[in-house]
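Chemist: Fold the following and give me the result.
(one chain, ligands or ions: 1)
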Amino acid sequence: MAFFSKLKDRLFKSSNKLEEGLDAIVEEGAADAAPQQTAPEKMPEVPPSAPPVEVPAEQPAEAPKAPPVEVPSEAPSEIPAETPAEIRPETPKQTARTAEPMAKPAMKPMPAPTPDPVPAAPGLLGRLMGRGKADEPRRALDDDMLEQLEDLLVGADMGVDTALRVTANMAEGRLGKRLSTREIKELLAAEVARIMEPVARPMPIYAKRPQVVLVVGVNGSGKTTTIGKLASQFKAVGKKVVIAAGDTFRAAAVEQLQVWGDRAGVPVLTAPEGSDPASLAFDAMTRAQEEGADLLMIDTAGRLQNRADLMEELAKIVRVIQKKDPSAPHNTLLVLDATTGQNALNQVDTFQKLADVSGLVMTKLDGTAKGGVLVALADRFGLPIHAIGVGEQIDDLAPFDPEDFAAALTGLEKS
Ligand SMILES: Nc1nc2c(ncn2[C@@H]2O[C@H](COP(=O)(O)OP(=O)(O)OP(=O)(O)O)[C@@H](O)[C@H]2O)c(=O)[nH]1
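Modeler: Residues are numbered from 1 along each chain as shown. Below you'll find the model as predicted:
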């Protein structure tokens, strides 16, 4: 809950923008009709979300700052028969392959609301919670209002296709109903949570040692910071981590990674400026194996100006580490910057062509009004979202929780 409060505060720009827009839409229509007491819309139930954090089995359940990871299983190529039920029977490769570009997550149709039998006054609890207030401005849901809602969601960076789908589902069985801003927010939050549910997946952790995590993304997206935060959180739950500073062409990037390594108490392997990143990756793999490290996190360059070079560089890193472990890398994390809005969609497209992306981390959700892009990403690509970054501090990275996110995005209070 503490993180939810933080998330809600940090997503203020997105939620504020949505809230102001919704108020304006409802008030515009409400002004045309005298307010009348209407039974509050019966809200759909949001399916319970997957547990956001699955602490490795050998860790105490209350381990502090548990990283956004899944329970370790056996080597990624073999899921053991005794795999606990909650582990999704997928290898990292399968995860990447099953997430076809443009594949839509299976979306259940919005359940048709049962008509409210009697337009009763809200109950005591409802009144205490401020629910179903008779004096709330209300507006009948019609095509005009739906169009305005679509525009608002597009403005929050949800993208046209996703905004259309969301509003269509919100309207299902509700056309003509008079809704308040709060009720629209609840409907919107339920719809967002439903889209995000299938992609809210912690980063899988395997018993394989070292588990190799390749981190890709454009320069400035937050790769270094995310590696630092993850390393620190893994260390806090007893994992031995080694970091390889694979962006050997930028001295500043290496220095920054060293700062985070020091902060996290994790060794950072570097190579002279301009040297071959694949050679560094090979050395890092050797050291991680020799030291019995649990995780090797490899930072990579993010220069998209010359895609062919970058593709070759990433492919070479993969070839080289596969000489030591043919199943590596076990995770390829794409780090995206939320402030880039719709551009994040292009980055996923591009990096899926450059690397076998297995999951996403979305950074800088704080201080942007573009939080809706995460919904567009989930709707369009269906790639697992492992974690979100909401600040520059070490604990500003958390597992992705669809309901918390939906509530924070829409500015809903969570009881
Ligand atoms: N507000 C905020 N800032 C963040 C977050 N994650 C990273 N940053 C900041 O974003 C900037 C870029 O982050 P880096 O981690 O250096 O990004 P990078 O992808 O490694 O970039 P290069 O080093 O240029 O390759 C830094 O100033 C970080 O402090 C976040 O979740 N929220």
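Chemist: what's the burial count for the residue of the stretch 51-200 of the chain found nearest the ligand?
Modeler: In the stretch 51-200 of the chain, the residue that lies nearest the ligand is Pro68 (13.2 Å; Cβ to the nearest ligand atom). Glycine gets a C-beta too; all of them are placed from N, C-alpha and C. Other residues near Pro68 come to 25 when the count uses other Cβ atoms under 10 Å.
Chemist: Ok, Glu413 next?
Modeler: Around Glu413 there are 10 other residues, counting by other Cβ under 10 Å.
Chemist: for this structure, where's the lowest mean pLDDT among helices and strands?
Modeler: Scoring the helices and strands of the chain by mean pLDDT, DSSP states H and E places helix 92-98 at the bottom, with a mean of 34.
Chemist: how close does the residue of the chain found nearest the ligand get to Leu374?
Modeler: Sorted by distance to the ligand under Cβ to the nearest ligand atom, the residues of the chain start with Gly389, at 2.7 Å. For Gly389, the distance to Leu374 equals 12 Å [Cβ to Cβ, to the nearest Å].
Chemist: and what of Asn331?
Modeler: 19 Å.
Chemist: tell me which residues in the strand or helix carrying Asp262 are buried?
Modeler: With elements taken from DSSP states H and E, the one containing Asp262 is helix 251-264. Buried residues in helix 251-264, counted by 16 or more other Cβ atoms under 10 Å: 253-254, 256-258, 260-261, 264.
Chemist: Next: stretch 15-28.
Modeler: For stretch 15-28, a neighbour-count test (16+ other Cβ under 10 Å) marks 15, 17-19, 21-22, 25-26 as buried.
Chemist: Kindly report the same for stretch 228-241.
Modeler: Neighbour counts over stretch 228-241 (16+ other Cβ under 10 Å) mark 228-237, 239-241 as buried.
Chemist: ok, back up a step: look at Gly389 and Leu374 and report which has more neighbours.
Modeler: Neighbours were counted for Gly389 and for Leu374 using other Cβ under 10 Å; Leu374 has more, 28 against 25.
Chemist: Wait, the more buried one touches Met196, no?
Modeler: Yes. Using Cβ atoms under 8 Å, Leu374 is in contact with Met196, at 7.3 Å.
Chemist: Touching both of these two, which residues are there?
Modeler: Common neighbours of Leu374 and Met196 (criterion: Cβ atoms under 8 Å, 6 or more residues apart in numbering): 385, 405.
Chemist: Can you tell me the SS state at Glu273?
Modeler: Look at Glu273: counting by DSSP: H, G, I helix; E, B strand; the rest coil, its state is coil.
Chemist: Show the contacting residues for it.
Modeler: By Cβ under 8 Å, 6+ apart, the contact list for Glu273 reads 248-249, 251, 254.
Chemist: quick one, strands of the stretch 251-400 of the chain?
Modeler: All strands of the stretch 251-400 of the chain, identified by DSSP state E, counting those that start in this stretch, fall at 268-269, 295-299, 331-337, 359-363, 385-389, 397-399.
Chemist: now those in CSV, with mean pLDDT and distance to Arg307?
Modeler: Formatted as CSV, the strands of the stretch 251-400 of the chain follow (pLDDT from 0 to 100; distance: least, Cβ to Cβ, whole Å):
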stretch, mean pLDDT, distance to Arg307
strand 268-269, 96, 26
strand 295-299, 97, 19
strand 331-337, 97, 15
strand 359-363, 97, 19
strand 385-389, 95, 24
strand 397-399, 92, 28
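Chemist: In JSON lines: those strands, plus distance to Pro137.
Modeler: Formatted as JSON lines, the strands of the stretch 251-400 of the chain follow (distance: least, Cβ to Cβ, whole Å):
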{"stretch": "strand 268-269", "distance to Pro137": "56"}
{"stretch": "strand 295-299", "distance to Pro137": "51"}
{"stretch": "strand 331-337", "distance to Pro137": "37"}
{"stretch": "strand 359-363", "distance to Pro137": "34"}
{"stretch": "strand 385-389", "distance to Pro137": "33"}
{"stretch": "strand 397-399", "distance to Pro137": "35"}
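Chemist: among these, which is the most enclosed?
Modeler: Sort these by mean neighbour count, taking mean count of other Cβ atoms under 10 Å, and strand 295-299 sits at the top with a mean of 30.
Chemist: For that strand, which helices and strands make contact with it?
Modeler: strand 211-216, helix 223-236, strand 241-245, helix 277-290 (3 or more Cβ pairs under 8 Å, 6 or more residues apart in numbering; DSSP states H and E).
Chemist: Distance to the ligand and mean pLDDT for those - can I get that in a markdown table?
Modeler: Listed next are the helices and strands packed on strand 295-299 as a markdown table, based on distance: least, Cβ to the nearest ligand atom, whole Å; pLDDT from 0 to 100:
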| stretch | distance to the ligand | mean pLDDT |
| --- | --- | --- |
| strand 211-216 | 9 | 97 |
| helix 223-236 | 3 | 94 |
| strand 241-245 | 10 | 97 |
| helix 277-290 | 13 | 96 |
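Chemist: Dump those to a markdown table, plus distance to Pro137.
Modeler: A markdown table is the format used below for the helices and strands packed on strand 295-299 (distance: least, Cβ to Cβ, whole Å):
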| stretch | distance to Pro137 |
| --- | --- |
| strand 211-216 | 47 |
| helix 223-236 | 42 |
| strand 241-245 | 53 |
| helix 277-290 | 58 |
